[in-house]
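# my questions are about this predicted structure, shown below with the sequence.
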Amino acid sequence: MTIAPGNARRDGSHLYRAMRDVVQSMGDALPGKFEVTKEGIVHDMMSPGGPHEVTAAHVSRRLEKVMPDELLAHNGTPDVEDVPEGIMRHPDVMVIAWADLDVEGSVDPRTVLAAIEIVSRSNPENDWVGKMRDYPLLGIPVYALFDPRTGTGAVLTDIHRTPDGPRYATRKNFVYGEDVTIGEWTISTSGLPHYQGDDVPGHDDEG
């Protein structure tokens with residue numbers, strides 16, 4: 001992970017826009033995924049393909065089999081962005097209506113019904129801590145994590161206000177092999193792949 005110096009405060013939209021321009025210019029030139037948070041630029045050096053992409057594809061396909069036709073579980077571009085908050089994120093999978101995806105540029109995060117992340121081997125804190133903080137701030141009502149390091153995951157819902165800002169109030173953990181409910185839709189987690197060679201007894205889930 002690489003975090004660039006700087007603080008994208010609400011009163012520093014010019015700084016946020018500068019960081020966003022840097023991210024967009026690097027996106028096709030360097031491997032991995034670039035995002036912008038209040039702390040700066042986050043670079044996740046995830047490897048293309050493998051368990052990360054296979055999990056995202058399985059989750060997307062399984063959700064679309066049980067969702068109505070006007071929705072899709074999208075696992076491509078674009079980003080979700082809130083300029084006043086100074087945040088630009090790129091969910092591995094987002095549940096969204098076709099009509100809300102049909103926009104120029106970034107998607108309004110408040111049209112996203114659920115954000116789904118496949119926890120990165122190289123930077124798990126980005127998913128378990130950073131996005132657990134940012135997604136309720138963006139108004140995304142459901143955040144689901146699938147962790148191929150441990151074969152576990154969690155679904156977070158019920159945004160409520162706290163002294164530290166909006167947070168998810170409800171967390172439901174699951175183990176691969178169980179059914180999991182994301183929003184209104186229940187899918188199987190059987191057969192999802194694990195990262196090979198990891199010996200991680202747990203995960204960092206603070207945040």
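On my side now, so go ahead.
# could you pull out the buried residues of the longest helix belonging to the chain?
Ranked by number of residues, the top helix in the chain under DSSP state H is helix 50-66. By neighbour count on 16 or more other CB atoms under 10 Å, the buried set for helix 50-66 is 51-53, 55-56, 58-60, 62-64. Where you see a C-beta, it was placed from the backbone N, CA and C, and this is true even at glycine.
# over to stretch 122-137?
Buried, per 16+ other CB under 10 Å, within stretch 122-137: 123-128, 130-137.
# quick one, helices of the chain?
So, for the chain - with DSSP H - the helices run 13-26, 50-66, 98-101, 124-125, 131-137.
# how far does the second one sit from the chain's center?
This points to helix 50-66. 14 Å (CA atoms, centre = their mean, to the nearest Å).
# neighbouring contacts of it?
With contacts defined as CB atoms under 8 Å, 6 or more residues apart in numbering, helix 50-66 is touched by 46, 71-75, 92-93, 95, 116, 118, 120-121, 146, 148, 182, 185-188, 191-196.
# Thr111: which of the buried residues of helix 50-66 is nearest?
Leu63 (16.7 Å; CB to CB).
# quick check: closest non-adjacent residue to the closest one.
Ala73 (3.9 Å; CB to CB, 6 or more residues apart in numbering).
# please name the bridge partners of that neighbour.
Val95 (DSSP bridges).
# looks like it contacts Val93 (just checking).
Yes: Ala73 is within contact range of Val93, at 5.3 Å (criterion: CB atoms under 8 Å).
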